[in-house]
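1. Return atomic coordinates for the entry below.
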Amino acid sequence: MSTTYGTFPGSRPRRLRTTPAMRRMVAEYRLHPSDLILPAFVREGVSEPVPISAMPGVVQHTRDTLRKAAVEALEAGVAGIMLFGVPEEAKKDALGTPGTDPDGILQVAIRDVKAEVGDELVIMSDLCLDESTDHGHCGVLDAEGRVDNDATLERYAEMAQVQADAGVHVVGPSGMMDGQVGVVRDALDQTGHEDVSILAYTAKYASAFYGPFREAVGSSLQGDRKTYQQDPANVRESMRELALDLAEGADMVMVKPALPYLDILAKVAESVDVPVAAYQISGEYAMVEAAAANGWIDRDRAIMETLTGIKRAGANMILTYWATEVARQL
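-> Numbers count the residues shown, from 1 in each chain. So this is what the prediction gives:
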């Protein structure tokens, strides 16, 4: 029998894909439960969890169910929990007073979770006014209805102090005000909270994918946030924001949203020596859940694929509403 050589591929990468065991062995990136952070909403004045219609499986927690969710995340191996407080509508005002009230729902929730899990789970808090203002913007408005950057910074300094007093480990200034990281760092240091870390929302884009989140936090937003969140067309702007946040004392930096901005995430990750987070936001979650509910995609595979893509792009930490579920699977 004659054999002709040289007519077939000399290299066969498929040899390393032959079995699940082989693919696991040569995988370049692996998700781990400690990569994940669970965003969680707690709503003031409710006796039962309130489902979020656009985010199947996600709820506005009561104080009791939030404590339970924190324990479940810890037991699954999740690294941290990012808390968002939803105050009663009647308590919202132009200044976002619930955000600086020591007995505001977010501060109460921080104390609840801290009492439940202590230092075993990293407790993070959203440092922003949008959940607490009657106009829904992330800052204080001036006489012409525009967000006043510097007046807002004064409010952020107060928020940092009350959140730190409540026992938070990490604050996440997310309003995209110029100078916010530096002001928050000063406020923490001057009030004896030098050990509280800052996760800077460094590249936060004015995205259409925030829609379901507005329901989740009961947003009263009028208009849009394009004057302070970043333009989706811009890259250099993100790198400028990154340099400023690092100079002002950010301990960690974040890109938000995740999937539409993987290029930004990769560029940030290549440029820094601090941990990098990415937030897989409500719209990303909702798209997968909706497509899966219609039978158009394999839900579990799609979840893992999106998270792996975010990890591959350079994220050390991923905020995702699937955190506890995925951690259990891993």
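
2. For S197, see how far away the closest residue to V272 other than its chain neighbours is.
-> Excluding the flanking residues, the one nearest V272 by CB to CB, 6 or more residues apart in numbering is V253, at 6.4 Å. The way it works is simple: take the backbone N, C-alpha and C, and place the C-beta from them, glycine included. When distance is defined by CB to CB, to the nearest Å, V253 is 12 Å away from S197.

3. Between the two, tell me which one has more neighbours.
-> Counted by other CB atoms under 10 Å, V253 and S197 do not tie: V253 has more neighbours, with 24 against 18.

4. check which helix or strand covers that one.
-> Element membership of V253, judged by DSSP states H and E, is strand 252-256.

5. and that strand, what's its mean pLDDT?
-> Mean per-residue pLDDT for strand 252-256: 97.

6. Only the buried residues of the helix or strand that that strand is followed by, if you could.
-> Sequence-wise, the next helix or strand downstream of strand 252-256 (DSSP H and E) is helix 262-271. Using 16 or more other CB atoms under 10 Å as the test for burial, helix 262-271 gives 262, 264-269.

7. Which elements pack onto helix 262-271?
-> For helix 262-271, the packing partners by 3 or more CB pairs under 8 Å, 6 or more residues apart in numbering; DSSP states H and E come out as strand 197-204, helix 236-248, strand 252-256, strand 276-279, helix 299-313.

8. what's the spacing between D165 and D245?
-> 24 Å.

9. typo on my end, I37
-> Using CB to CB, we find I37 at a distance of 18 Å from D245.

10. can you put the helices and strands packed on helix 262-271 in JSON lines and add distance to V326?
-> Shown next, in JSON lines, are these (distance: least, CB to CB, whole Å):
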{"stretch": "strand 197-204", "distance to V326": "20"}
{"stretch": "helix 236-248", "distance to V326": "27"}
{"stretch": "strand 252-256", "distance to V326": "19"}
{"stretch": "strand 276-279", "distance to V326": "14"}
{"stretch": "helix 299-313", "distance to V326": "6"}
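
11. Between the ones you listed, which one is closest to I52.
-> Among the helices and strands packed on helix 262-271, strand 276-279 comes nearest to I52, with 16.4 Å by CB to CB.

12. and the closest one, what does it pack onto?
-> strand 252-256, helix 262-271, strand 317-319.

13. can you tell me which of these comes nearest to V183?
-> Going by CB to CB, the one of these nearest V183 is strand 252-256, 16.7 Å.

14. Which neighbours in the sheet does that closest one have, and how are they oriented?
-> With DSSP bridges as the test, strand 252-256 is paired with strand 197-204 (parallel), strand 276-279 (parallel).

15. Run the chain-centre distance for the longest one.
-> It stands for strand 197-204. From the chain centre to the centre of strand 197-204 is a distance of 9 Å (CA atoms, centre = their mean, to the nearest Å).

16. Repeat that for stretch 313-330.
-> With CA atoms, centre = their mean, you get 11 Å for stretch 313-330.

17. pLDDT weak spots in this structure?
-> Applying pLDDT under 70 to the chain flags the ranges 1-6, 213-224.

18. Show me what the longest helix along the chain is packed against.
-> Taking DSSP state H as the criterion, the chain has its longest helix at helix 149-166. Packing partners of helix 149-166 (3+ CB pairs under 8 Å, 6+ apart): helix 105-117, strand 122-127, strand 170-173, helix 180-190.

19. contacts for the first one?
-> By CB atoms under 8 Å, 6 or more residues apart in numbering, the surrounding residues in contact with helix 105-117 are 42-44, 63, 66-67, 70-71, 74, 81, 83-87, 98-99, 101, 121, 123, 125-126, 131, 162-163, 165-168.

20. which of the residues you listed are buried?
-> Among those, those that count as buried by neighbour count (16+ other CB under 10 Å) are 42-44, 63, 66-67, 70, 74, 81, 83-87, 98-99, 101, 121, 123, 125-126, 131, 162-163, 165-168.
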